[in-house]
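> Next comes the sequence, and after it the predicted model I'd like to discuss.
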Amino acid sequence: MIIKWEPWKMIALGGSMMLVSVILPLLMVIQVLSSTFFLNFLAYSLSVAGLFIGFFGMVSLVRVKRIEKKYKDEHEDDYN
């Protein structure tokens, strides 16, 4: 089952995942969290997944805007 999210939601999810993937290593460097293999792998995985989800959201947003523009251009006489 494919979940159809709005593009801005995918961009927000990808951005928040990328933000968490930056904060986790920062907390490990200043020794608030102990550096473990799991946390390092989690930070890397969030970074890669956030990048792909955010990119897919941006591509979807461009696609939706192009379809809206094409529809508006084809039906311009209806608006006038």
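Here it is on my side, so go on.

> low-confidence ranges in the chain?
Applying pLDDT under 70 to the chain picks out residues 1-3, 77-80.

> which other helices and strands contact the longest helix along the chain?
Longest among the helix segments of the chain by residue count, using DSSP state H, is helix 37-74. For helix 37-74, the elements it packs on are helix 7-29, judged by 3 or more Cβ pairs under 8 Å, 6 or more residues apart in numbering; DSSP states H and E. Quick note: C-beta positions are derived from backbone N, CA and C, even for glycine.

> Can you give me the buried ones in the helix it packs on?
The neighbour-count check on helix 7-29 (16 or more other Cβ atoms under 10 Å) flags Pro7, Met10, Ile11, Leu13, Gly14, Met17, Met18, Ser21, Leu24, Pro25, Met28 as buried.

> what about the fifth one, distance to Leu26?
What it means is Gly14. Using Cβ to Cβ, to the nearest Å, Gly14 is found at 19 Å from Leu26.

> can you check the first one too?
For Pro7, the distance to Leu26 (Cβ to Cβ) stands at 29 Å.

> Check the third one too.
With the distance defined as Cβ to Cβ, Ile11 ends up 23 Å from Leu26.
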